[in-house]
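**Q** Model the following, please.
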Amino acid sequence: MKTNSFETPTIVSPEKWLAARRELLREEKEFTRLQDKINTRRRALPWVKVGKPYTFATPRGRVSLADLFGGRSQLIVQHFMLGPGWEEGCKSCSFMMDHFNPTVAHLAARDVAFTAVSHAPLAEILPFKERMGWDVNWVSSHGTDFNFDFHVSFTPEELASGSVHYNYGKQPFPHEEAPGISVFARDAAGAVYHTYSTYGRGVEIIMGTYRLLDMVPKGRDEEGLKYGMEWLRHHDRYDQLANVAAAH
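**A** Numbers count the residues shown, from 1 in each chain. You can find the predicted model right below:
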């Protein structure tokens, strides 16, 4: 765990601090208004009808994409990085799920269902879900095109080519699975539409911990790490990390 000291801060009078805070508040309000505009544009995106009959493995048998709505008209899907044969789920996707899990009841109150979808077989998903203590709907797309069609799983041939289709462009990618969030809508006739997907840093929208870290003096404190989220652990592994640090 990093415990490096703060850089020498600028110390000012309360009056000068208040003036600086008011200037930052002006920029924060501009940013909030821009976010509102972007949110409006996001909701105004055209929809694409989902024509392929995707099905998913669940503890109660196979279900359709429409079934995942659970009677609601909107559905958020977390594309959770847990591939076939993996010993555990991606720690960054687990960080996302730690934030999704408590929101499910609140989303349901606003006509929104939630489901996590992974490429691993269901038998490999359920033990990890139990270990992490998450109470969410989590299904397997194993044996279907779903993950590939939404560009969050890649074939060995794609990876070997050095470039995969991810985040709306071609780019190198280090893993066969990738993170994302997709949104779907279901009309009164039962037709399902894809309305939005976000990838890459776009998934930070659910990571409330980052929003809080952005407010504290050290921020995310990720400079000097091999990669930004190197510090992250599955939530049941932080105690192990602390114990190792204490032993040294």
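**Q** Which residues are in contact with residue 151?
**A** Applying CB atoms under 8 Å, 6 or more residues apart in numbering, we find residue 151 in contact with 164-166, 178, 180, 199. Every residue, glycine included, has its C-beta placed from N, CA and C.
**Q** Out of these, which is nearest to residue 137?
**A** residue 180 (17.1 Å; CB to CB).
**Q** and residue 46, how many neighbours does it have?
**A** By the other CB atoms under 10 Å criterion, the neighbourhood of residue 46 contains 6 residues.
**Q** Give me the distance between it and residue 113.
**A** 22 Å (CB to CB, to the nearest Å).
**Q** For the longest helix seen in the chain, the averaged confidence score.
**A** If you go by DSSP state H, the chain has its longest helix at helix 14-43. Helix 14-43 shows a mean pLDDT of 98.
**Q** And stretch 92-102, by the same measure?
**A** On average, stretch 92-102 scores 98.
**Q** Which positions in it come out as buried?
**A** Using 16 or more other CB atoms under 10 Å as the test for burial, stretch 92-102 gives 92-101.
**Q** Turn the residues you listed into CSV, including secondary structure and distance to residue 140.
**A** Shown next, in CSV, are those (DSSP: H, G, I helix; E, B strand; the rest coil; distance: CB to CB, whole Å):
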residue, secondary structure, distance to residue 140
92, helix, 20
93, helix, 15
94, helix, 17
95, helix, 21
96, helix, 18
97, helix, 15
98, helix, 21
99, helix, 22
100, helix, 17
101, helix, 18
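**Q** about what we covered before: tell me the gap between the longest helix of the chain and the middle of its chain.
**A** Distance of helix 14-43 from its chain centroid, counting by CA atoms, centre = their mean, to the nearest Å, is 25 Å.
**Q** how many other residues sit next to the residue nearest to residue 118 when sequence neighbours are not counted?
**A** Nearest non-adjacent residue to residue 118, counting by CB to CB, 6 or more residues apart in numbering: residue 82, 4.0 Å away. By other CB under 10 Å, 25 other residues sit near residue 82.
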